[in-house]
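A.B. asks: Okay, structure incoming, though there's no sequence with it:
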């Protein structure tokens, strides 16, 4: 699985801690991690939590990654922003139990973490345990296991509803404020990782023109 990490400006100083914890936890499982920033408080390309949601949607809809790990101070802003876009099913994750249940009951493709609220002593251990429970067994297996069929049915129903209630990603990109979009994809992490991994040529071509 290809996993993207996205930090917004208020918690950008924690990027290296989160990135190293994520890499050290999931790479031994065979997953690959891409750091889309912000890479520290001095990163010249700031991202708001709204831009986190947009960037997550671009990466997931274009097939550049399979999963997004993001967050903000409380985790709520990034959660709302992610779920505002098509093709993103983001869960609010505070502890390892949240992570396990979200993976196996809701089978989403993004999580939002509270990176200021409650982020104190042992925070890096909580992150490690969250990432272990989120990525160690795949997803969608159900909990309890005998509930897997109705839970998978509900996931499918929700995904179909989102297709009806939300526009496709390319249409969204074309209707956004183009300066806002350009700022969102302006970071070095985006240009380092996105275009070589993107699987949607139409989205890639459109963003290449925007980035020029």
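C.D. replies: That came in fine, so what should we check first? The shown structure was predicted, so the numbers you read here are calculated from the model rather than taken from an experiment. Residues are numbered from 1 along each chain as shown.
A.B. asks: Could you use CA atoms for every contact and neighbour count after this?
C.D. replies: Noted.
A.B. asks: Pick out the residue closest to the middle of the protein.
C.D. replies: residue 68 (2.2 Å; C-alpha atoms, centre = their mean).
A.B. asks: What residues does residue 191 make contact with?
C.D. replies: residue 185 (C-alpha atoms under 8 Å, 6 or more residues apart in numbering).
A.B. asks: Could you report the pLDDT at it?
C.D. replies: Here, the pLDDT recorded for residue 191 equals 92.
A.B. asks: quick one, phi psi at it?
C.D. replies: With angles defined as degrees, to the nearest 10, residue 191 sits at phi -70, psi -30.
A.B. asks: that's a helix at the residue nearest to the centre of the chain, yeah?
C.D. replies: No - applying DSSP: H, G, I helix; E, B strand; the rest coil, one finds residue 68 to be strand, outside a helix.
A.B. asks: Surely it is in contact with residue 3?
C.D. replies: Yes - between residue 68 and residue 3 there is a contact at 5.7 Å, judged by C-alpha atoms under 8 Å.
A.B. asks: All the strands of this protein, residue numbers only.
C.D. replies: When assigned using DSSP state E, the strands of the chain occupy the ranges 2-5, 32-35, 67-72, 90-92, 110-114.
A.B. asks: how much space between the residue nearest to the centre of the chain and residue 210?
C.D. replies: 23 Å (C-alpha to C-alpha, to the nearest Å).
A.B. asks: burial count for residue 124?
C.D. replies: Using other C-alpha atoms under 10 Å, residue 124 has 16 neighbouring residues.
A.B. asks: ranges for the helices of this protein?
C.D. replies: 15-26, 49-61, 76-83, 96-101, 123-135, 148-165, 169-175, 178-184, 188-197, 201-211 (DSSP state H).
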